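Q: Let's see this in three dimensions:
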Amino acid sequence: MWKYPEDRTAPVLTAAANIASSHRWNRNASMPETAILFFMSGGVEYLCENYSVEVLGEKFPRFLRPCPIYAIRNQNICFLNGGSGAPMAADTLETLAALGVKRAVAIGMFGTFSEKIACGEIIVPKKAFVEEGTSLHYYEELEFAQPDLGIQAHMAGELGAETFPVVSTDAVYRQTFYKEALWREKGAVGVDMETSAVFSVGAYLGLQTAAVLISSDRHPLTEGGSKWEWHMTWEQRAGLFDRGMDAILKWQKQQQSGKSGKTPLQSGLNSDIIPPV
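A: Have a look, this model is predicted:
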């Protein structure tokens, strides 16, 4: 919507320039090829407490709200808080790509508006409908975005998880009953704020991406129905972190051993538009 076909000018701000201007970042640091982005609280702290990790930098040099970034020793994996919402997700991905990261797995939460999903259930989305504005600065039009299908299939298989579509929005107070009914008609089971941008921006940058989401709450399905309630527990969070990490580490081991070839990058588009190189 805001990407103009006639626009051949360079961005005013770039991740590479921002990295170069960051005085507390070691520009010679060697980055792991795989990043885990937590779009929920507790994930970074849990990995720091339960895995052998090292600090890559106290201030990851993204534009919005720099944060610490860590590496899991001997695993070629880094992890950090991905931020809140599509703009920060894109900012994080742009910075990771500029630093040489090749793939990213998002771990986060979603609110369900479907009777198909129980609170606390984990899904690995096969598509995310775009109702956030960030993606539309990268593509002229985009109804939905998709993950790398190889990583997505591996994660779903290892977790025994469903692969329903979700919706990503940046207008939390405009999720009307009418709109959620339309989303259900498209097959979506829940809503978050980042997944479609992770998929679309990742594809634009040439990154392989996937997402693992846990249902944190259930929306009322009709006006006058059961009120919104939060259901997420720490035990459910810890279970997601443990199971998600087991699946990611197994996939990483397969890559390192050469048992699984590189998966072709999926463009994440619902049309013939191809991301620029």
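
Q: all strands for the stretch 101-250 of the chain, in order.
A: 103-112, 122-123, 128-131, 144-145, 166-169, 190-192, 208-218, 229-230 (DSSP state E, counting those that start in this stretch).

Q: Just the CA trace of the third one, in PDB.
A: Extracted as PDB, the C-alpha positions of strand 128-131 are listed here (Å, rounded to 0.1, in the frame of the first residue of the first chain):
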ATOM      1  CA  ALA A 128      -0.500 -15.100   8.700                       C
ATOM      2  CA  PHE A 129      -3.100 -12.600   7.300                       C
ATOM      3  CA  VAL A 130      -1.700  -9.100   7.100                       C
ATOM      4  CA  GLU A 131      -3.600  -6.500   9.100                       C
END
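
Q: Tell me where the chain has helices.
A: Ranges of helices within the chain are 15-20, 43-50, 86-98, 149-159, 177-185, 195-205, 234-257, based on DSSP state H.

Q: Please name the nearest non-neighbouring residue to residue 94.
A: Here the nearest residue to residue 94 in space, its sequence neighbours aside, is residue 15; by Cβ to Cβ, 6 or more residues apart in numbering that works out to 4.1 Å. C-beta coordinates here come from the backbone N, C-alpha and C atoms, glycine included.

Q: my bad, residue 148
A: According to Cβ to Cβ, 6+ apart, the nearest residue to residue 148 is residue 208 (3.9 Å).

Q: what does residue 134 give?
A: Closest to residue 134 by Cβ to Cβ, 6+ apart is residue 86, at 3.9 Å.

Q: returning to that earlier point: okay, now the residue nearest to residue 148: neighbour count?
A: Per other Cβ atoms under 10 Å, the neighbour tally for residue 208 reads 23.

Q: The one 5 residues further on too?
A: A count of neighbours around residue 213, defined by other Cβ under 10 Å, yields 28.

Q: Against residue 29, how distant is it?
A: To residue 29, residue 213 is 30 Å away according to Cβ to Cβ, to the nearest Å.

Q: can you tell me which residues contact the residue nearest to residue 134?
A: With contact set as Cβ atoms under 8 Å, 6 or more residues apart in numbering, residue 86 has these partners: 132-135, 168, 170, 193-194, 196-197.

Q: Nearest to residue 250 among the residues you listed?
A: Nearest to residue 250, judged by Cβ to Cβ, of the contacts of residue 86 is residue 194 at 24.3 Å.

Q: measure the closest one to residue 227 for me?
A: From residue 194 to residue 227 the distance is 25 Å (Cβ to Cβ).

Q: quick one: which of these two has more around it?
A: residue 194 (30 against 8).

Q: now the closest residue to the more buried one other than its chain neighbours: how far from residue 187?
A: Setting aside the residues directly before and after it, residue 194 is nearest to residue 89 in space (Cβ to Cβ, 6+ apart), at 4.3 Å. When distance is defined by Cβ to Cβ, residue 89 is 23 Å away from residue 187.

Q: Who has more neighbours out of the two?
A: residue 89 (30 against 14).

Q: give the contact list for that one.
A: Contacts of residue 89 (Cβ under 8 Å, 6+ apart): 37, 39, 82-83, 106, 134, 194, 197-198, 201.
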